[in-house]
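Participant: pasting the structure only:
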């Protein structure tokens, strides 16, 4: 990771879709509205789903709609829940009103919503560079492995995460590590640069990572800019965390 002249950071990351899902419903209505259930969303009137709808209405004659989102993915966890909501709103409206937008056209709209949104248009394992918008297919699969994700009720904003990070130039690019080094050796090579600074601010995250390894994780890390932690296992792990934590686990 390195800092750009415009203040953004050049990054390298790997996006991998996991089945921690939300529910999105869009229907025609007399007036455009947005409602939500599940995890409370602040600033519903400025939600990314509405922004996606408005982007398309600027170029297409689309009737008013009611958008309802059942929020299940924790906010500020580094899981891309909001980005996914925006991208899938674009895809759903495209299908609902037969706009005929190609994948490349949907990606152009998604880029205007946010860098991470482009990944969810493709929604398959991708190596990302730039500010997250430059995507390349990556040869990675953890099919058959068990994934354990734990969100410890700590909200880390993107601004906070990037404010304290110390940019580093990797010896090997992430795609080289993932494609050329065995999964069982990732622990010694695949590093999330956000961890060094955020673990100091939130020691609980470091402790959770240690618990994941003690439970037999092949590899454990923070997801993106945090604060969700994840572990990859050969078999379903036996782990117990406080009830206030948000947990997802399952076989991939």
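Facilitator: Good, I have the coordinates. Bear in mind the structure is a predicted one, so any value in this text is a computation, not a measurement. Numbers count the residues shown, from 1 in each chain.
Participant: any chance you could map the strands in this structure?
Facilitator: 2-3, 9-10, 13-15, 23-28, 33-38, 65-71, 126-129, 134-137, 146-151, 219-222, 229-233, 246-251 (DSSP state E).
Participant: Which neighbours in the sheet does the fourth one have, and how are they oriented?
Facilitator: If I follow you right, that is strand 23-28. Sheet pairing of strand 23-28 (DSSP bridges) gives strand 65-71 (antiparallel).
Participant: Report the angle between the partner strand and strand 33-38.
Facilitator: On the basis of axes from the mean of the first three to the mean of the last three CA atoms, to 10 degrees, strand 65-71 is oriented at 20 degrees to strand 33-38.
Participant: For stretch 193-201, list every residue counted as buried.
Facilitator: 193-195, 197-199 (16 or more other CB atoms under 10 Å). Glycine gets a C-beta too; all of them are placed from N, C-alpha and C.
Participant: helices or strands next to the longest helix along the chain in the packing?
Facilitator: Taking DSSP state H as the criterion, the chain has its longest helix at helix 81-96. Counting contacts by 3 or more CB pairs under 8 Å, 6 or more residues apart in numbering; DSSP states H and E, helix 81-96 is packed against strand 23-28, helix 48-57, strand 65-71, helix 103-113, helix 117-122.
Participant: Now it: buried residues?
Facilitator: 81-94.
Participant: residue contacts, the closest residue to residue 228 other than its chain neighbours?
Facilitator: Spatially, and ignoring its direct neighbours in sequence, residue 228 is nearest to residue 77 (3.9 Å; CB to CB, 6 or more residues apart in numbering). Neighbour list for residue 77: 151, 155-156, 223, 226-228, 246 [criterion: CB atoms under 8 Å, 6 or more residues apart in numbering].
Participant: follow-up on the earlier one: how about the helices and strands packed on helix 81-96 in a markdown table, adding mean neighbour count?
Facilitator: Formatted as a markdown table, those follow (neighbours: other CB atoms under 10 Å):
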| stretch | mean neighbour count |
| --- | --- |
| strand 23-28 | 13 |
| helix 48-57 | 19 |
| strand 65-71 | 20 |
| helix 103-113 | 17 |
| helix 117-122 | 23 |
